[in-house]
Structures are given as structure tokens and as C-alpha cells.
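>>> generate coordinates for the sequence data below:
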Amino acid sequence: MALLNLNFSGGKRVFNFDQPVRFQDKQNDVLAVGELLIDMISEAYDDAVNSNTYSRFFGGSAANLALNTNKLGLRSRVASAVGKDGFGAFLTRQLEQEGIPTDCIQVTEDATSTVVITKSRSTPQPIFYRGADFQLNYTPDLEHAVKQTKIVHFSCWPISREPARSTIGQILSAARAAGALIGFDPNYHPAIWNKGEDGVACVKSIIGQVDVVKPSKDDADRLFGTDTPDNHLARFLDLGAGLVILTMGADGALVSNGKDKLHVDSVATEVVDATGAGDAFWAGFYSGLIHQLSLLDAVKFGMEVSAYKLRCVGPVRQYPDIYQLADHKHGGEQRS
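Next up is the predicted model:
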């Protein structure tokens, strides 16, 4: 298995908590690269996975990020692959109905990927059925989208299998050359990798080659073994991450740029469905960055958008007007 070793020029971004991140003027705000798939979500909460009734939802981390950022007023695209089947048509149609361009959605002969999720008030345990999602190739349309976007985002899904893994390498090289901010969600699940492949090594190899990583405590435990949040934060920084946002559920988040470390409190008051809360955080965070909030306020806005998602079952249909960043106030943090 080839690891992603890219030689970027121009150096890494420097992040300051009290300053906004500056972007070049581009046609697109966010390009989310990765899985566009069907989420089959249980009607009932059942950590034993005994539920008999499941409903179909638009799903996939990258797709949900594009959907959420679009609802928060950003210009978003998703790059993925779906099957030439009813599920693929459903997903593409959902994007079109939301006004999200589909020129970077590739259609293949493989079945559209599906994830079965039994609802949980803690961390859902998904079951993966992979088909088309990793059949993503680097095309002229995709290259044009990368060069015309401010933020490129991806997760573990596209780097877990070929040809998407090689496509990500090309995307990251083009994104760095174009001055885009690169965000990586290290949502590592052993089940999405082929047997015998060292997925952990692949994930670790890419952390130093992106700008922002946002692992959850569960993600970090799967990558490094169970440990304290502070030790996990240090490991991501040691691997070369420019900015690490380690989310810890009800315990909030630890954020570090390698020099300073902050603790940001959770603002969640109710947990109805934890599915997609991490994607909602990313959406709020990116929205804050694009709207030129300070880095710290962008993190806090991500926490607030995630808290809103926790009160909803399935995808968020629409965010209230207060999430359009007008007269929005943020809570406190602890600096260490």
C-alpha cells in the first residue's frame, strides 16, 4: 500500500487564535472530497443493533459537509463517485435540489455505497457496504474545481482504497499550489480498509501534509490506542499538523496551533442523534473561517452548529437565521 508522501512547496500556514484566516478570491468556498452514499438509519435507539426498521438518508461525511456548508450560506461542491443505480440518482438529485453543482460527481458501474447506522446517544457503530465511493478519478473537471476553491476537505474514506487514494494525492498537490486551505478529518475505521493494509500508517503519513485536522477522542483512540486527550493532541502535533481540534463530546474540545493550547466548552444541551455531529462542526468551523471570524470564534461557531445538529434526527433540513453569522455571540474558553 502506497503512503501519501507529497512534497509541498510554499510552507505551512501559521494559525493565530485571535486572527482570521486569509483566503484568495475564488469561485468556490469549500470542495469536499470523499464519500457520497446512502445512510440507512434505525428508527429506534438500540446499542445492541437489534432494530428492525431503518430509513434511507442522504449520507457520507464529505456529502454532509457540502450540504451543511451550503445551508450556512457557503458555495460548496462535493467530489465523489456513485453507482449507476437508483441510490446514485437519489443522491445526485438531492444535491441538485440544494443547488450544489454535480459536475464532480462521477458515475460508475459499481453499486452506490451504503452505511447502516443504528442510532445511539453516544458514538454510533456503523456497518459499511462499499461500492462506488472510492472509484474517484482525477479529471479535468475535478482539477478545475480544486484550483477554484478556498478550502479543500477530505476524510479517511478516499485514502483507504485505490484509485481514490492516488486521486487525493493529486488533489492535495494542486490545492497546495493554488493556495487552498486543506482540512483532513481522520475518522479512521478499520472496516473501511482492505484486509492486510496498514490504514493507521497511511493516516499518520498524511497528517503533516495538511493544514487542519479534527479528530474526535474516539478517532484518536483508534489511531493511537486509548490515552488522554492531551497526549493525543501532542501526537497529532508531533506528526506535523498545523492546527489540531480534538473534540471530546460533552467535554468540549482541545485546540492547539503547536504554540498555544485552548479548551473550548461544549454548548450542547440535548443529544437526540449524534450521527453527523462531527460533519456539522466542520461546516460551522469553515463557515466561520470564510466569514472572517477569528480562528477561535470559528471553532466556537463550529461547536454551536454541532450542538444544533445533535438535537436533530438525520440531516439538518435548515439552520435557523442565527446561524447565518449575523449578530452572533460566542462563549468563553480556557487558555493554557
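
>>> which residues touch the closest residue to A307 other than its chain neighbours?
In space, and not counting its chain neighbours, A307 is closest to A268: 4.0 Å by Cβ to Cβ, 6 or more residues apart in numbering. Quick note: C-beta positions are derived from backbone N, CA and C, even for glycine. Neighbouring residues of A268 by Cβ atoms under 8 Å, 6 or more residues apart in numbering: A250, S306, A307, L310.

>>> just K12 next, same as before
Going by Cβ under 8 Å, 6+ apart, K12 touches D211, G240, G242.

>>> what about 7 Å?
D211, G242 (Cβ atoms under 7 Å, 6 or more residues apart in numbering).

>>> do the same with K71
Going by Cβ under 7 Å, 6+ apart, K71 touches V316, Q318, Y319.

>>> against S287, how distant is the last one?
This means Y319. 10 Å (Cβ to Cβ, to the nearest Å).

>>> those two: which is more packed in?
Neighbours were counted for Y319 and for S287 using other Cβ atoms under 10 Å; S287 has more, 26 against 20.

>>> pretty sure that one contacts N68?
No: under the criterion of Cβ atoms under 7 Å, S287 makes no contact with N68, lying 8.5 Å away.

>>> in the stretch 201-336 of the chain, which spans are strands?
Along the stretch 201-336 of the chain, the stretches classed as strands by DSSP state E, counting those that start in this stretch are 212-213, 243-247, 253-256, 261-264, 333-335.

>>> strand partners of the third one, parallel vs antiparallel please.
The strands that strand 253-256 pairs with in its sheet are strand 243-247 (antiparallel), strand 261-264 (antiparallel) (by DSSP bridges).

>>> most packed of these?
Mean neighbours per residue, mean count of other Cβ atoms under 10 Å, is largest over the strands paired with strand 253-256 for strand 243-247, with a mean of 25.

>>> that one: how far from the chain's middle?
Offset of strand 243-247 from its chain centre (Cα atoms, centre = their mean, to the nearest Å): 12 Å.

>>> low-confidence ranges, this protein, go.
For the chain, the stretches flagged by pLDDT under 70 are 1-11, 46-49, 121-124, 314-315, 317, 322, 325-336.

>>> where is the longest helix in it?
Criterion DSSP state H: the longest helix present in the chain is helix 295-310.

>>> got the angle for that helix vs strand 243-247?
Here the directions of helix 295-310 and strand 243-247 differ by 30 degrees (axes from the mean of the first three to the mean of the last three Cα atoms, to 10 degrees).

>>> who does helix 295-310 touch, helix- and strand-wise?
If contacts are counted by 3 or more Cβ pairs under 7 Å, 6 or more residues apart in numbering; DSSP states H and E, helix 295-310 sits against strand 253-256, strand 261-264, helix 277-290.

>>> out of those, nearest to P140?
helix 277-290 (25.5 Å; Cβ to Cβ).

>>> neighbouring contacts of that closest one?
Here helix 277-290 has contacts from 21, 29-30, 61, 64-65, 68-69, 72-74, 150-151, 153, 183, 185, 214, 216, 247, 297-299, 301-306, 309-310, 316, 325, using Cβ under 7 Å, 6+ apart.
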